[in-house]
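1. Predicted model and sequence below, questions to follow.
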Amino acid sequence: MRAIPAGETRGYGEVALSAGFPRGARRVARVLGENTDPHLPWHRVLRADGRIALPAGSAAAAEQVARLRAEGVVVEDGRVRAARRPARHALDALLWAPAPPAIIRRPK
DNA sequence: TGCGTGACCCAGG
DNA sequence: ACCTGGGCCACGC
């Protein structure tokens, strides 16, 4: 999470994957809920569709918007502009990359 | 052991 | 763009 550059955002699923936990999106969310480190850039983590995950109208959500805007991220109606997020195919590229990181998706 | 819950994700419609 | 159903995973009671 600390590796996410300021001004950029990532989805919970992407953070989980980067940390070595495919399908661990909910886990990331839970960890964030218990985080107390004010320096952790938790605000750069959004839902896969770019929306703020925290309950709309909550103080925490407002805090996240404030932090994002302070980094130049455009937040509109509880949502971050697509252009500021990694391309939609980024996750697929990671999962299906030819060589590393050799992560297997469990079949349905 | 079982079951509901949630800062989640995705394919379909 | 929104809603739904199914899947996922860790907790807590």
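-> Here it is on my side, so go on.

2. Assess the claim that A:Gly72 and A:Gly7 are in contact.
-> Yes. The pair A:Gly72 / A:Gly7 is scored as a contact, 5.1 Å apart, by C-beta atoms under 8 Å. In short, each C-beta sits where N, CA and C put it, glycine included.

3. Show me what counts as buried in stretch A:47-60.
-> Using 16 or more other C-beta atoms under 10 Å as the test for burial, stretch A:47-60 gives A:47, A:50, A:52-54.

4. Any chance you could list what contacts it?
-> Residues outside stretch A:47-60 that contact it (C-beta atoms under 8 Å, 6 or more residues apart in numbering) are A:9, A:11-13, A:29, A:45-46, A:61, A:64-65, A:75, A:78-82, A:85.

5. So is that stretch next to DNA strand B?
-> Yes. Stretch A:47-60 is in contact with DNA strand B by C-beta under 7 Å from any atom of the strand, via A:47-49, A:53-55, A:60.

6. Quick one: mean pLDDT over that stretch.
-> What stretch A:47-60 shows for mean pLDDT is 94.

7. now swap in stretch A:81-93 and tell me
-> Rounded mean pLDDT across stretch A:81-93 is 60.

8. on that earlier part again, what about the residues of stretch A:47-60 next to DNA strand B, which are in helices?
-> Of those, the ones assigned to helices by DSSP state H are A:Ala60.
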